[in-house]
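Colleague: After the sequence you'll find the predicted model.
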Amino acid sequence: MLYAKGFGNHEKDIQIIRSLGANGVVLGALNEKNEISRPYLEELLSVCEGLEITFHRAIDDTHDPVISAEMLAQYPEITTILTSGGHGDFPSRMKTIQQMKRVCGDIAILVGSGLNKDNILSIHSELHTGHYHFGTAVRKNNSIIEGVALEKAKEIVNLLKK
């Protein structure tokens, strides 16, 4: 994962990731005003040729994730946006994700943050993205530092298959 807030030497990080055989990178490029930094994003994209590119939840920190998603749609290199729909209450975030889906063209929306076995079916039925990012909900003891609990992951997969 590469999360670039501001400027730095992340191009070298991408080259290292590529040399290790990774198939993609996760990045976010915001300026000090929490806007997507187009110049820096373009600089990063120039070294990502052949890699799948996911724009990180940095989009949630922008002033308007919908406008930001529309702007990202101008970059065919970006295949996925990882988002929780910004900040705020759950219903407004779901509405934001639906709006993001409408404006981002062929970019897949990967919904993340707070997903678990108790809410995934309602989120899936509302958003229909088919792409979900689970964190502690599938980890041993719901810990950010412990490994994935295979039985928890299987339970969620089986819920979605029904």
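Modeller: Arrived safely, thanks for sending.
Colleague: any idea how far residue 160 is from the residue nearest to residue 35 when sequence neighbours are not counted?
Modeller: The shortest distance from residue 35 to any non-neighbouring residue, by C-beta to C-beta, 6 or more residues apart in numbering, is to residue 62 (6.2 Å). Placement of C-beta: from N, CA and C, glycine included. With distances taken as C-beta to C-beta, to the nearest Å, residue 62 is found 29 Å from residue 160.
Colleague: Likewise for residue 28?
Modeller: 27 Å.
Colleague: out of these two, which sits in the busier spot?
Modeller: Using other C-beta atoms under 10 Å, the more surrounded residue of residue 28 and residue 160 is residue 28, with 24 against 11.
Colleague: thought that one was touching residue 62?
Modeller: No: contact criterion C-beta atoms under 8 Å: residue 28 and residue 62 do not qualify, at 9.6 Å.
Colleague: Tell me where the protein has helices.
Modeller: 10-19, 38-45, 65-72, 90-103, 120-127, 150-161 (DSSP state H).
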